[in-house]
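Asks: Any chance you could fold what I've pasted below:
(chains A and B)
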There are 2 protein chains.
Amino acid sequence: MTQDHSGTALQLRSTVKKEGYIELTLAEVPIPEPMGDDVVVRVEASPLNPSDMGLLFGPADMSTAEVSGTAEQPVVTARIPPQLMPGVAARVDQSMPVGNEAAGVVVKAGASETAQALLGKTVAILGGAMYAQFRAIKAAQCLVLPEGTTPAQGASCFVNPLTVLGMVGTMRLENHTALVHTAAASNLGQMLNKVCLKENIGLVNIVRQQAHVDILKAIGASHVCNSSTETFMDDLTHALVETGATLAFDATGGGTLAGQILTCMERAANQKAQAYSRYGSTIHKQVYIYGGLDRSPTEFNRNFGMAWGLGGWLLTAFLLKIGSEAAQQLRDRVAAEVKTTFASHYTREVSLAEALQLDAISVYGKQATGEKYLINPHKGVA
Amino acid sequence: MTQDHSGTALQLRSTVKKEGYIELTLAEVPIPEPMGDDVVVRVEASPLNPSDMGLLFGPADMSTAEVSGTAEQPVVTARIPPQLMPGVAARVDQSMPVGNEAAGVVVKAGASETAQALLGKTVAILGGAMYAQFRAIKAAQCLVLPEGTTPAQGASCFVNPLTVLGMVGTMRLENHTALVHTAAASNLGQMLNKVCLKENIGLVNIVRQQAHVDILKAIGASHVCNSSTETFMDDLTHALVETGATLAFDATGGGTLAGQILTCMERAANQKAQAYSRYGSTIHKQVYIYGGLDRSPTEFNRNFGMAWGLGGWLLTAFLLKIGSEAAQQLRDRVAAEVKTTFASHYTREVSLAEALQLDAISVYGKQATGEKYLINPHKGVA
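Replies: Numbering: from 1, shown residues only, chains lettered A, B, ... in the order given. Below is the predicted model of the structure:
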């Protein structure tokens, strides 16, 4: 351990090379000296979220990944299909730090009172460049975790919990009364179930495996539809009639699922309609795509009338829309419930170097439900 | 001609038969007697709009159409693919009148002053069941055409003109500053060009043929992109940069066009962006699908960031949103400009019986640009 917190430390970097591949390295960067309102956090836990994968791997085909370098400083390279290079033209040959969120201990602080007050505190932080041993940040951006919370417990305070609260907030802002969620057995999906149960909000969970149905039933979910069964469309329509859900958040993005949800929403609406309307029901049906677990094209038949919308949904855009005060209320709620409603589960804790080994990449890179990794940048560091 | 306007008259009907086919007939229905505020319009012109085809043909495969019956009362039948029957379950075995809009002369009126005042006037009317020799309607729903306007000139007062004004209105309501339009050489597309030229609104026209580029250039269009050329994506991106258009109305619905527009909008936005953002530009990009000329599935790759929306757009929903006073202002504008900005062009005028002949169906059923038919329900009637 760098006891004096000076010198250099490791930071994970991702670079799209103009030759058509991605390169992941561990750079040696100076440990920052905090000024004024800044603090330096010794990062002890940072999750590998699906939302990190886009920056980490870019559009590379990770089945082509190779590792070189040393055990302490591995170098991962993987080919990017040529037709996908234009999509990342803006980041070519820029060495980019990665990692949306983390938790750790404030080990250095600038001269200001607010910064000094954080010394020794365990805090959660958001803002990129978290796959690093140390991270400088404004004191005001630190979410102080309740006494007795470990960095591992607080590592996922922002992305998943705020996304869950953002979904519920969007539902209310846009005058819907219940929700549909896909890839619903994920950490995020389980949190959403807890929040909806607590607030008595109808929630239709969509999963692809019976094992995931079981996970959700075990935590009290009322409506779980398995898209791999033959009765899926009927089951989903039934659940939509029961809950009245007209808003869905889709983590998969690709394939036919978003369209199937709109189709079933329309069927549910027409069960209540009085007469045939050639333009379909007048009830607005909305699906927001907030992830891209399925990279294939999105495809749908327009058999759900005219009152429908499909769009992208981004947490940061939602937080901007509701304003900083409302956003802080959401953050405070997360901190208060980080060990209950917003508890996360990880399969494995890895060091920065271990995160760049093929065995690890092949697991967390799949973004499969129940296979979430946590980076501890100081793991194994003497 | 039924000089005394009593007895029965012809009305076109469409029925989805439970055996899996569509049946088009000419029913003999009583000429209505108007009461109170009602008038009866002798329909002299009613367009075959793309928006009529859904009710007229349902999901039938019109390449299987056959005609029986007599020359005066033909009966058209065509098979509906079995997998499409569930989509029209609500209208099975209901004999439905067809035809969104028309113009004609008020030949009978109820006792009220407003109704009596319309006797002998040429009016445009909207509301279904217009493919008929006579149509009863509330006096207040009649748009009186300026002196000297023929029914043929006023037949398309509502659907296309109000859709055009609705597109411009939506652009302003949702804070966009310029527009993209597909199938842009259509009657509707030409009207949109005239309105945008008049109001100095940037408009990017998308067509599929050089002949359509020429049509639009001839009426003064600045930006016309031909989607069948190899440079389409670059041309479109360039036009989007020039106009700043972030809102598109797509008449085709199916295939990849909507997604291509979003892709080019994102490229245009990124030309102005300062730094790489993994979530794409923060500029909201919107495509509304308002037609279904292409019946194939809608398909897109999500390579346009997260700030995007795709949705259905329906004129009636827009008119409801802006309220009756604003809607009436739009109608009055159409009446005033029906021979200029909102002039329509037809390839052929057909009787009701001629509209049910295979040669006619094979032309207007294609909904091809420059192949628009007008029904004159009294054509050839002695």
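
Asks: per-residue confidence for the residue lying closest to residue A:73 once chain neighbours are set aside?
Replies: Distances taken as C-beta to C-beta, 6 or more residues apart in numbering or on different chains put residue A:26 closest to residue A:73, at 5.1 Å, once the chain neighbours are dropped. C-beta coordinates here come from the backbone N, C-alpha and C atoms, glycine included. Predicted confidence (pLDDT) for residue A:26: 97.

Asks: so where does residue A:26 fall, helix or strand?
Replies: Using DSSP states H and E, residue A:26 sits in strand A:21-30.

Asks: which strands and helices sit next to the following helix or strand past that strand?
Replies: Next helix or strand after strand A:21-30 toward the C-terminus (DSSP H and E): strand A:38-47. Here strand A:38-47 touches strand A:101-109, strand A:134-138, helix A:151-154, strand A:373-375, going by 3 or more C-beta pairs under 8 Å, 6 or more residues apart in numbering or on different chains; DSSP states H and E.

Asks: on that earlier part again, which residues belonging to the strand holding residue A:26 are considered buried?
Replies: A:21-26, A:29 (16 or more other C-beta atoms under 10 Å in any protein chain shown).

Asks: what do you get for stretch A:341-350?
Replies: For stretch A:341-350, the buried set under the neighbour-count rule, 16+ other C-beta under 10 Å, comprises A:341-342, A:344, A:346, A:350.

Asks: State the three-state secondary structure for whatever residue of the stretch 51-200 of chain A ends up closest to chain B.
Replies: Relative to chain B, the nearest point of the stretch 51-200 of chain A is residue A:90 (3.8 Å; C-beta to the nearest C-beta). Secondary structure, DSSP: H, G, I helix; E, B strand; the rest coil: residue A:90 is helix.

Asks: Tell me the residues of the stretch 101-250 of chain A that contact chain B?
Replies: Residues of the stretch 101-250 of chain A lying near chain B by C-beta under 8 Å from any C-beta of the partner chain: none.

Asks: related to what we said a few turns ago, may I ask you to confirm that the residue of the stretch 51-200 of chain A closest to chain B is in contact with residue B:269?
Replies: No: checked against C-beta atoms under 8 Å, the pair residue A:90 and residue B:269 is beyond contact range at 11.5 Å.

Asks: more crowded one of the two?
Replies: Taking neighbours as other C-beta atoms under 10 Å in any protein chain shown, residue A:90 and residue B:269 compare with residue B:269 leading, 22 against 16.

Asks: And what about the nearest residue to that one once chain neighbours are set aside, helix, strand or coil?
Replies: If you skip the residues right next to it in sequence, residue B:269 has residue B:281 as its closest partner in space, 3.7 Å away by C-beta to C-beta, 6+ apart. When classified by three-state DSSP, residue B:281 comes out as coil.

Asks: What part of chain A, helix or strand, is modelled with the least confidence?
Replies: helix A:50-57 (a mean of 90; mean pLDDT, DSSP states H and E).

Asks: average model confidence for whatever helix or strand comes next after it?
Replies: As assigned by DSSP H and E, the chain's next helix or strand after helix A:50-57 is strand A:66-69. In this model, strand A:66-69 has an average pLDDT of 96.

Asks: Check which helices and strands the next helix or strand after strand A:66-69 sits against.
Replies: Toward the C-terminus, strand A:66-69 is succeeded by strand A:74-79 as the next helix or strand (DSSP H and E). Packing contacts for strand A:74-79, counted by 3+ C-beta pairs under 8 Å, 6+ apart, involve strand A:21-30, strand A:66-69.

Asks: what comes up buried for strand A:74-79?
Replies: Here strand A:74-79 shows A:74, A:76-79 as buried, counting by 16+ other C-beta under 10 Å.

Asks: Pipe the residues you listed into a markdown table and attach pLDDT per row.
Replies: Below are the buried residues of strand A:74-79 laid out as a markdown table (pLDDT from 0 to 100):
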| residue | pLDDT |
| --- | --- |
| A:74 | 96 |
| A:76 | 97 |
| A:77 | 97 |
| A:78 | 97 |
| A:79 | 97 |
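
Asks: would JSON lines of the residues you listed with distance to residue A:157 be doable?
Replies: As requested, the buried residues of strand A:74-79 are exported to JSON lines (distance: C-beta to C-beta, whole Å):
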{"residue": "A:74", "distance to residue A:157": "29"}
{"residue": "A:76", "distance to residue A:157": "28"}
{"residue": "A:77", "distance to residue A:157": "33"}
{"residue": "A:78", "distance to residue A:157": "30"}
{"residue": "A:79", "distance to residue A:157": "35"}
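
Asks: For chain A, give me the ranges with low pLDDT.
Replies: A:1-4, A:273-276, A:382 (pLDDT under 70).

Asks: Out of the helices and strands packed on strand A:74-79, flag the one nearest residue A:372.
Replies: strand A:21-30 (19.0 Å; C-beta to C-beta).

Asks: List the neighbouring strands of that closest one plus their orientation.
Replies: If you go by DSSP bridges, strand A:21-30 pairs up with strand A:8-17 (antiparallel), strand A:74-79 (antiparallel).

Asks: quick one: that strand to chain centroid distance?
Replies: Computed by C-alpha atoms, centre = their mean, to the nearest Å, the chain-centroid distance of strand A:21-30 equals 23 Å.

Asks: what's it in contact with?
Replies: Residues external to strand A:21-30 that are found in contact with it (C-beta atoms under 8 Å, 6 or more residues apart in numbering or on different chains): A:7-17, A:56-58, A:60, A:69, A:72-80, A:95, A:132, A:352-353, A:356.

Asks: what does stretch A:196-215 give?
Replies: Stretch A:196-215 is contacted by residues A:168, A:171, A:177-185, A:189-190, A:192-193, A:195, A:216, A:220-228, A:236, A:239-240, A:242-245, A:248, A:257, A:261, A:341, A:369-370 when judged by C-beta under 8 Å, 6+ apart.

Asks: what about 7 Å?
Replies: Contact with stretch A:196-215 is made by A:168, A:178-182, A:184-185, A:189, A:192-193, A:216, A:220-221, A:223-228, A:236, A:239-240, A:243-245, A:341, A:369, as judged by C-beta atoms under 7 Å, 6 or more residues apart in numbering or on different chains.
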